[in-house]
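1. this one's structure only:
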């Protein structure tokens, strides 16, 4: 189970806390970049939106080792 996931929200792809399916359409959530975003549908074209640069950089710093199989 992932600690974070990429999710279309507020016209970009943001990193949100929790596993996929945590948020419903139009829910509000605080992304890893610190922005309060509105969750969008995960189907095309939203899944092809550009990634949030701040989330991308912040995601590089997240220790995901606990979620990887050993």
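-> Nice, thanks for sending it over. These figures come from a predicted structure and were not determined experimentally. Numbering: from 1, shown residues only.

2. Nearest residue to the middle of the chain?
-> residue 15 (2.4 Å; Cα atoms, centre = their mean).

3. helix, strand or coil for the nearest residue to residue 59 once chain neighbours are set aside?
-> What sits nearest to residue 59 in space, not counting adjacent residues and going by Cβ to Cβ, 6 or more residues apart in numbering, is residue 15, at 5.1 Å. For glycine as for every other residue, the C-beta is placed from the backbone atoms N, C-alpha and C. Using DSSP: H, G, I helix; E, B strand; the rest coil, the structure places residue 15 in strand.

4. thought residue 15 was touching residue 34?
-> No. Using Cβ atoms under 8 Å, residue 15 is not in contact with residue 34; the gap is 10.9 Å.

5. got a list of what residue 25 touches?
-> Contact analysis of residue 25 by Cβ atoms under 8 Å, 6 or more residues apart in numbering lists 39-41.

6. how about TSV for those, with neighbour count added?
-> Below are these laid out as TSV (neighbours: other Cβ atoms under 10 Å):
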residue	neighbour count
39	20
40	21
41	11
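
7. can you pull out the helices in the protein?
-> Per DSSP state H, the chain carries helices over the ranges 53-59.

8. Would you check how far apart the nearest residue to residue 32 once chain neighbours are set aside and residue 21 are?
-> Residue nearest to residue 32 in three dimensions, not counting chain neighbours: residue 15, with 3.9 Å by Cβ to Cβ, 6+ apart. For residue 15, the distance to residue 21 equals 15 Å [Cβ to Cβ, to the nearest Å].
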